[in-house]
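Asker: coords please:
(2 chains)
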2 protein chains.
Amino acid sequence: MKNHQVQIKLAVDMMSGDNGAQEFLPAVVSALNVHDNLSVLAIGKSEELLPLLEKESLFKSGRITLIPATEVVEMDDAPQSALRNKKDSSMRVAIDCVKDGRADAAMSAGNTGALLATAKFVLKTLPGIMRPAICTSIPSLRERGFVHLLDLGANVDVTPEHLYQFAKMGALLSSAVSGDPEPKVSLMNIGTEAMKGNELVRGTVPLMENSGLNYIGFTEPDGIFFDDVDVIVSDGFTGNIALKTLEGTIKMIVSQLSSSFKRNLFTKCAAVVSLPVINDLKVKLDPRKHNGASLLGLRGIVVKSHGNADRVSFQNAIEISVKLVEQKIIEKMRKQFETAEIKQSEE
Amino acid sequence: MKNHQVQIKLAVDMMSGDNGAQEFLPAVVSALNVHDNLSVLAIGKSEELLPLLEKESLFKSGRITLIPATEVVEMDDAPQSALRNKKDSSMRVAIDCVKDGRADAAMSAGNTGALLATAKFVLKTLPGIMRPAICTSIPSLRERGFVHLLDLGANVDVTPEHLYQFAKMGALLSSAVSGDPEPKVSLMNIGTEAMKGNELVRGTVPLMENSGLNYIGFTEPDGIFFDDVDVIVSDGFTGNIALKTLEGTIKMIVSQLSSSFKRNLFTKCAAVVSLPVINDLKVKLDPRKHNGASLLGLRGIVVKSHGNADRVSFQNAIEISVKLVEQKIIEKMRKQFETAEIKQSEE
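Answerer: Predicted coordinates for the structure are as follows:
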């Protein structure tokens, strides 16, 4: 058990996503065992949660509190419909808890579009921020071991000013996680020469060069795992394309490897011998270790878990929420963008 | 040796790319040995090519002809500068050979931007086609074993009408390669629901639905390797992002696997035992088998090889050129778009 001073309260949507409370509760319990300054508001249908919670000593001791919510946002609910019609959903109530100060951060494995729409509506964006963005870390072969990508799908049609703000927000998040005060920031592009890219990327370069960020130029997607960069910025369409291509490619190789190993008796033996190596690869590439995308730019912390998160990945998303609270990311972001506004008005 | 009736002449830029004639000549020789109806115009600096060619019996027998070109387009030459200032480059002369009928197709491993600009300028686009596009096949786990992607970078800022034309061109190419008269065509998108995607993708859907193509909806990039689709259409920025993410992910996994296998004596032994499996994977994923991108929409066949192509991959690009000539892709494309024009004017 680590000893912290700040008390942290997390509002956890226990109902949304593919797996629900059966997977989330063990993650919550593990996280509470790691962080003794943490307490959790478990949000969802009482009739489903209570039987599970009653078996937990942490519920009895008060570190898990049940907050009832009668509805659940489904994965295929349209964002605006979820927002308008499910005002007592576990997702909405989790975000409400952040809004009214009952919690320091909200977490959900639900429908990204609905979560974003609800978080924007309830919490509002921070002063000076035009649009929130979704940011996550993915593994990198560099020493630091990870790189942050944003936007991953919150904003599909954007302007250079939006990308510029995403860069600033991503840099703050990266700093909060790594402690590096000057993370290296790049724009995702299809070449490294100045003339390369679409209008959006080329239009963003002058803003980046005058941003005060540690802007290092373009990252081509084949450099995501290799380049010495901490934050890679793109529009949400491009970022989501890159992320899904990456996931699909890993899935394809894993499937190929396992079918190759199953081909005949010899390869089956090879599989047994290679198990430690394959496991090593699996551990290194384990997407669960990188589960937890932050919705940046809001007046409160909201972390999105993968819809099919299991307990391991859900706990990782909890860890991210805790880190963002500890690092006072909202205050830092508010300060950064307020300063930017003041600077702009002075110019 | 296969017996064909049609005589095919290929104009090969022997100078451009990272490896040059040392790698390209063996590829040309292999291809000539496979196709006895093929002959090659080897284009480049006489002083460099002649010493190599003089050792080849195929040069003496006249199936390889030297066409001198005094300049070479470098990988970092700006497209417009290459076009204006290097009029006697091996790349330009290769395309000129197609223009004036000396060759049925041109091949180059040079700078994509310069190749595209030169090919557009010299050959012009086919009637009715707004912009040429770059298309290549990549491996897929489906039975067919591959899927075509376009555009891969020729056009970074496009309209729905452009994507619609890319879809038509991609379908023709896919048919030419697979023989399937109704290849399945999709739009690359970040979701499969109708509301998903950016303005460009959503704006293209109505055109696709009325295209007469076998349009099957959206493909998310994590489905590139798995989905039952033959042609995936996107703007050139998005397509290039997906392609490079895919390449980077494969490179990362290969690097991880090999470092894991080198970790200790046990894993080194595992590596030896697993060699057939790893080799199997390498063969299946070998990008060299998919080398050769077609510049579609021009009044002549131009195939682009990877800049760092070795003899195996260069020969694959030659095979693609041969197939496109045999399949009369230009005539088919001309007919398709002429018909479309007539239909449009009738409406």
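
Asker: make it CA atoms for all contacts and neighbour counts henceforth
Answerer: Fine.

Asker: Now A:L285: closest residue in space, sequence neighbours ignored.
Answerer: Nearest non-adjacent residue to A:L285, counting by C-alpha to C-alpha, 6 or more residues apart in numbering or on different chains: A:P139, 6.8 Å away.

Asker: That neighbour: neighbouring residues, count only.
Answerer: 19 (other C-alpha atoms under 10 Å in any protein chain shown).

Asker: got a list of contacts for the helix or strand encompassing A:F121?
Answerer: Here A:F121 sits within helix A:112-123, counting by DSSP states H and E. For helix A:112-123, contacts defined as C-alpha atoms under 8 Å, 6 or more residues apart in numbering or on different chains pick out A:73, A:77-80, A:82-83, A:91-92, A:95-96, A:98-99, A:108, A:132, A:154, A:295, A:298-300, A:302, A:304.

Asker: returning to that earlier point: name whatever forms a beta bridge with the residue nearest to A:L285.
Answerer: A:F146 (DSSP bridges).

Asker: Show me what counts as buried in the helix holding A:F121.
Answerer: Neighbour-count burial for helix A:112-123, with 16 or more other C-alpha atoms under 10 Å in any protein chain shown as criterion, is recorded at A:T112, A:G113, A:A114, A:L115, A:L116, A:A117, A:T118, A:A119, A:K120, A:V122, A:L123.

Asker: what's the host helix or strand of A:Y215 packed up against?
Answerer: Using DSSP H and E, A:Y215 falls within strand A:214-219. Under the contact definition 3 or more C-alpha pairs under 8 Å, 6 or more residues apart in numbering or on different chains; DSSP states H and E, strand A:214-219 sits against strand A:184-188, helix A:199-209.

Asker: State the mean pLDDT of the last one.
Answerer: What helix A:199-209 shows for mean pLDDT is 96.

Asker: cool, and stretch A:129-143?
Answerer: Averaging pLDDT along stretch A:129-143 yields 91.

Asker: quick one: buried residues of that stretch?
Answerer: Buried, per 16+ other C-alpha under 10 Å, within stretch A:129-143: A:I129, A:R131, A:P132, A:A133, A:I134, A:C135, A:T136, A:S137, A:I138, A:P139, A:S140, A:L141.

Asker: got any ranges where the stretch 151-300 of chain A has weak pLDDT?
Answerer: The stretch 151-300 of chain A contains residues with pLDDT under 70 at A:267, A:270-274, A:276-277, A:287.

Asker: same thing but at 80, please
Answerer: In the prediction, the stretch 151-300 of chain A carries residues with pLDDT under 80 at positions A:194-195, A:256-290.

Asker: the helices in it, which residues?
Answerer: In the stretch 151-300 of chain A, the segments counted as helices under DSSP state H, counting those that start in this stretch are A:160-178, A:199-209, A:236-261, A:265-285.

Asker: just so I know, which of the ones you listed lies nearest B:S234?
Answerer: helix A:236-261 (10.8 Å; C-alpha to C-alpha).

Asker: Report the buried residues of the closest one.
Answerer: A:236-254, A:256-258, A:260-261.

Asker: sorry, back to before: so what strands line up beside the strand holding A:Y215?
Answerer: When DSSP bridges is applied, strand A:214-219 pairs with strand A:184-188 (parallel).

Asker: how far off helix A:236-261 does the strand it pairs with point, in degrees?
Answerer: 90 degrees (axes from the mean of the first three to the mean of the last three C-alpha atoms, to 10 degrees).

Asker: Tell me where the stretch 1-150 of chain A is predicted with low confidence.
Answerer: A:1-5.

Asker: Pull up the gap between the residue in it positioned nearest to chain B and B:K168, please.
Answerer: Nearest to chain B, among the residues of the stretch 1-150 of chain A, is A:L141, at 7.7 Å (C-alpha to the nearest C-alpha). A:L141 is 40 Å from B:K168, where distance means C-alpha to C-alpha, to the nearest Å.

Asker: quick one, what contacts the closest residue to A:D228 other than its chain neighbours?
Answerer: Nearest non-adjacent residue to A:D228, counting by C-alpha to C-alpha, 6+ apart: A:R142, 6.8 Å away. A:R142 sits next to A:F225, A:F226, A:D227, A:D228 when contact means C-alpha under 8 Å, 6+ apart.

Asker: who wins for neighbours among these?
Answerer: The most crowded member of these, judged by other C-alpha under 10 Å, is A:F225 (22 neighbours).

Asker: residues from the stretch 51-200 of chain A in reach of chain B?
Answerer: A:L141, A:G153, A:V156, A:D157, A:N189, A:I190, A:G197, A:N198, A:E199 (C-alpha under 8 Å from any C-alpha of the partner chain).

Asker: what pairs with the residue most central in space within chain A across the strands?
Answerer: Nearest to the geometric centre of chain A sits A:A293, at 0.7 Å (C-alpha atoms, centre = their mean). Beta-bridge partners for A:A293, by DSSP bridges, are A:K304.

Asker: re earlier: so which of the residues of the stretch 51-200 of chain A next to chain B wins on neighbours?
Answerer: A:I190 (27 neighbours).

Asker: Correct me if wrong: A:T136 contacts A:A293.
Answerer: Yes. If you go by C-alpha atoms under 8 Å, A:T136 and A:A293 touch, sitting 4.5 Å apart.

Asker: Name whatever forms a beta bridge with A:V12.
Answerer: A:A42, A:M107.

Asker: Tell me the confidence at A:E341?
Answerer: pLDDT at A:E341 comes out at 56.

Asker: ok, back up a step: ok now the helix holding A:F121, how far from the chain's centre?
Answerer: Put simply, helix A:112-123 sits 14 Å off its chain's centre (C-alpha atoms, centre = their mean, to the nearest Å).

Asker: Run a quick neighbour tally on the closest residue to A:M91 other than its chain neighbours.
Answerer: Distances taken as C-alpha to C-alpha, 6+ apart place A:D13 nearest to A:M91, at 5.5 Å, with adjacent residues excluded. Residues lying near A:D13 (other C-alpha under 10 Å) number 29.

Asker: How about A:C269?
Answerer: 16.

Asker: if I look at it, how far off is B:L25?
Answerer: In terms of C-alpha to C-alpha, A:C269 sits 42 Å off from B:L25.

Asker: if we can go back for a sec, looking at the residues of the stretch 51-200 of chain A next to chain B, which one is closest to A:K9?
Answerer: A:G153 (27.6 Å).

Asker: Let me know whether that closest one touches A:L243 as I believe.
Answerer: No. Counting by C-alpha under 8 Å, A:G153 does not reach A:L243; the two are 9.9 Å apart.

Asker: on that earlier part again, out of the contacts of helix A:112-123, which are buried?
Answerer: For the contacts of helix A:112-123, buried by 16+ other C-alpha under 10 Å: A:73, A:79, A:82-83, A:91-92, A:95-96, A:98-99, A:108, A:132, A:154, A:295, A:298-300, A:302, A:304.

Asker: ok now do A:N308, which residues does it touch?
Answerer: A:G17, A:D18, A:N19, A:A109.

Asker: ok, and the most crowded of the residues you listed?
Answerer: A:A109 (28 neighbours).

Asker: looking at it, that residue is touching A:D310, isn't it?
Answerer: No. Contact criterion C-alpha under 8 Å: A:A109 and A:D310 do not qualify, at 10.2 Å.

Asker: okay, how far is it across stretch A:285-297, tip to tip?
Answerer: 29 Å.

Asker: How about residues contacting that stretch?
Answerer: By C-alpha under 8 Å, 6+ apart, stretch A:285-297 touches A:116, A:125-126, A:129, A:131-139, A:169, A:301-306, A:309, A:312-314, A:316-318, A:320, A:333.
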